[in-house]
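1. Predicted structure and sequence below. I'll ask about it afterward.
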Amino acid sequence: MALWSAARRSIQNVRALIRSGKSSALLPFFQSYQCQRSPRSHSSVLGLEPISLAEIREARGKDLTKQHFSGRLLQGKLCIDAEVREGIIVHVVEDEQSFRYYLFLCNFASSWWTEKEARQWFPRDATVGIRDPVVSFAKDGVPCIEVLNPASLEISGIELEGSDEDPWKIAMVALENHEYIRAAHLFTNFVHESSEKGDRIAALSYRSEAWLRAGLLDKALEDAEMALKLQPEGPFSSENLLRKARALLKLHDYRAALECFESSGLADDTSREMERCRRFLEHSEQGLFDLDEYYLSRESGKSTPECGEFVGAVRIGMSPDGKGRGLFATQDVKAGDVFFFCHPLSAMHDSEKLPAESDLLAQMVRNCMASGRSLEQLVSLVESDEIPELNLFKPNTNWQQRIGFIDIPACARKTSIDYGYKFERVIGLERRREFLSGLWILTAFANHSCCPSATQKAVGSASLVRAARDLKAGDEVTLAYLDPFMPWDVRSRQTESRWGFECACERCHFESKLHSENRDLVNSGIKMEKMLEEPSNLDLFEVSEMACTVEKMISRWKGPDAQRHKHWMRASYYKAYEVYLLNREEFEKFITRQAPPSWEAIMEALSFTAPGYEGLLTLLTTVVVSSSLAEILREKGLSSEYVVI
Ligand SMILES: C[S@@+](CC[C@H](N)C(=O)[O-])C[C@H]1O[C@@H](n2cnc3c(N)ncnc32)[C@H](O)[C@@H]1O
């Protein structure tokens with residue numbers, strides 16, 4: 001949410017600047033500027049009724065409040081180089097009647113851009129269409145258009161005026177100078193206007209290259225395909241096949257990408273890319289990814305092997321117990337079997353701290369603009385009543401395009417709280433930390449359980465979801481959203497405050513009932529967590545006494561479910577057991593009640609409750625480090641990283 005509030009504050013700052021009458025600070029933009037213009041029609045905004053600035057001014061009357069012209073299209077031309085002020089990209093647009101207005105681009109995708117990036121993405125001389133304009137007015141009556149959704153601004157071309165230079169040469173120079181968006185739109189003029197087929201093909205080919213370099217994959221693919229349709233063989237066709245292959249590879253259609261690489265006839269120049277493509281295709285078809293190779297490369301400092309996407313024995317369905325949609329096994333699986341691995345819509349690593357949510361949101365928006373499939377996936381997550389087609393997530397598969405125009409930042413914001421994941425890994429004996437957060441859409445369909453059936457692992461930036469237990473076809477695939485080794489009321493307060501739900505898992509059913517009958521237990525749990533949060537208040541003896549209290553209570557339990565209930569309770573009060581066991585020699589002589597069991601019994605309880613949970617592996621390291629096994633590992637020259645795996 002941080003970026004959003006920052007952006008909002010920035011908008012307010014700009015507004016305050018305008019209201020305070022200091023908008024002259026923005027006035028240098030209004031240099032005299034003459035041009036003849038003929039804004040082109042806007043492909044994806046056809047059907048919207050055009051609106052002129054004169055009409056907007058008239059509609060305003062004396063009303064200074066913000067007005068929303070829904071269903072209307074405002075056209076004009078960007079007539080300055082973009083400036084970035086307090087997180088807002090500021091432009092000036094001139095319309096057909098030579099009226100000028102401010103344009104404030106204040107959305108996630110652009111708010112942290114440098115001026116260079118802003119100029120790259122919103123180049124001077126671009127003709128633009130702004131859908132559903134939201135207009136406010138400066139004190140001096142200058143209209144200010146706010147663009148919160150990057151998809152509501154469409155660039156349709158570049159109008160070059162007063163230049164004697166060859167426009168084709170200008171486009172090629174822009175491409176060479178890394179001004180990809182500008183170059184693409186300059187080539188658009190030739191795509192639309194060339195009467196010669198050869199010239200159109202050349203323009204489409206170079207435009208495809210410009211889109212590809214800008215990371216706009218769908219557009220790059222579309223242009224390469226159009227050029228190939230016009231000319232399947234001959235000049236440009238090899239390069240277009242290569243562009244198509246590169247775009248398809250990034251869009252996770254490995255099979256089609258490999259075919260294009262192979263038929264491009266440029267195998268020698270692209271052998272490494274082809275090799276990567278083959279590897280990903282193998283992952284996507286067989287679901288096999290060598291984790292050893294992944295971890296060993298990390299240890300040896302080699303570059304980490306990447307993985308393709310894979311979707312195996314899993315489907316999205318409706319959960320029967322009111323949790324909404326969830327993931328389900330489509331066949332019997334064994335513990336450790338891979339359900340899927342998927343790439344993030346947005347993810348960031350940091351070795352110091354959790355990455356800023358604002359950066360993640362910006363990345364989400366950009367990726368949705370680059371790939372319609374990513375956008376469809378995001379929307380399928382937001383539309384909580386729908387069960388999306390699994391094909392949308394499967395690599396090498398066709399999917400159905402449904403979405404036209406959508407408020408991408410609003411979708412991104414909506415998902416980031418409910419669906420985002422944060423990983424924190426503690427590595428090695430020196431307990432180095434690594435943070436990774438992001439949004440993995442297929443993973444986000446998995447519901448939470450405090451005794452989960454699956455486990456999620458970050459492999460590079462991919463999310464790898466595996467069965468944590470043997471499962472039957474139809475069983476739900478659940479993950480632990482939070483540390484499952486905490487008392488029930490601490491867990492339930494977290495699910496409530498962070499995601500707004502009351503956990504419906506069987507362990508919570510059992511423990512909530514137990515706690516409602518036993519207020520002392522609730523108070524002990526809360527006290528323990530508080531003490532652990534604030535180490536200066538930590539009374540080791542009091543905490544370890546809690547383990548004795550729990551042990552005494554559960555020792556009376558009998559019956560068929562007694563063992564699993566005991567496991568759950570030991571897992572809930574794990575931290576108390578840990579304090580006791582780490583200080584056993586000191587405490588043993590004072591214990592008057594039931595003494596807690598050994599490490600092995602506690603570890604058994606943890607692996608029964610949340611097998612394969614990432615944090616469990618870290619705990620195991622702690623145990624290993626505090627036991628003689630650490631000595632053995634050290635003698636053999638192995639780090640505890642091997643145990644963490
Ligand atoms: C990451 S989403 C999971 C997919 C979600 N069920 C859907 O239909 O989009 C998290 C949301 O699912 C629901 N949920 C997940 N686990 C749950 C649980 N154990 N008990 C109750 N609701 C749960 C909550 O509404 C939560 O905010």
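-> Perfect, I can see it now.
2. Surely Tyr102 forms part of a helix?
-> No: according to DSSP: H, G, I helix; E, B strand; the rest coil, Tyr102 belongs to no helix; its state is strand.
3. who's it bridged to?
-> Counting by DSSP bridges, Tyr102 forms beta bridges with Val92, Cys144.
4. For it, grab the count of nearby residues.
-> Tyr102 sits with 23 neighbouring residues when counted by other C-beta atoms under 10 Å. Every C-beta, even on glycine, is put in place using the N, C-alpha and C of the backbone.
5. and it, what pLDDT?
-> Tyr102 carries a pLDDT value of 86.
6. can you tell me which residues contact it?
-> Counting by C-beta atoms under 8 Å, 6 or more residues apart in numbering, Tyr102 touches Leu26, Phe29, Val90, His91, Val92, Val93, Ala138, Val142, Pro143, Cys144, Ile145.
7. swap the cut-off to 7 Å and go again
-> Leu26, Val90, Val92, Val142, Cys144, Ile145 (C-beta atoms under 7 Å, 6 or more residues apart in numbering).
8. From Gly129, how far off is it?
-> Distance, Tyr102 to Gly129, by C-beta to C-beta, to the nearest Å: 17 Å.
9. Quick check: pLDDT value at the residue nearest to Thr478 when sequence neighbours are not counted.
-> Nearest non-adjacent residue to Thr478, counting by C-beta to C-beta, 6 or more residues apart in numbering: Ser449, 3.7 Å away. Note for Ser449: predicted pLDDT of 96.
10. circling back to that earlier point, of the contacts of Tyr102 - the most surrounded one?
-> Val92 (25 neighbours).
11. That one and Ile80 touch, don't they?
-> Yes: using C-beta atoms under 7 Å, Val92 makes contact with Ile80 at a distance of 4.9 Å.
12. So Glu239 versus the ligand, what's the distance?
-> 42 Å (C-beta to the nearest ligand atom, to the nearest Å).
13. Hmm, I typed the wrong one, I wanted Ile80.
-> Ile80 is 43 Å from the ligand, by C-beta to the nearest ligand atom.
14. same check, this time on Arg85
-> From Arg85 to the ligand the distance is 37 Å (C-beta to the nearest ligand atom).
15. residue contacts, the residue of the chain found nearest the ligand?
-> Using C-beta to the nearest ligand atom, the closest approach of the chain to the ligand is made by Gly324 at 2.9 Å. By C-beta under 7 Å, 6+ apart, the contact list for Gly324 reads Ser384.
16. pLDDT value on Thr592, please?
-> Per the predicted model, pLDDT is 62 at Thr592.
17. Likewise for Glu389?
-> 91.
18. what sits against it?
-> Trp399, Gln400.
19. Show me the strands in the stretch 1-150 of the chain, by range?
-> 49-51, 67-68, 72-78, 83-85, 88-94, 100-105, 126-131, 134-137, 143-147 (DSSP state E, counting those that start in this stretch).
20. The stretch 401-550 of the chain now?
-> Ranges of strands in the stretch 401-550 of the chain, per DSSP E, counting those that start in this stretch, are 421-427, 432-439, 454-459, 462-467, 476-477.
21. hey, least reliable of those strands by pLDDT?
-> Per-stretch mean pLDDT for the strands of the stretch 401-550 of the chain is lowest at strand 421-427 (a mean of 56).
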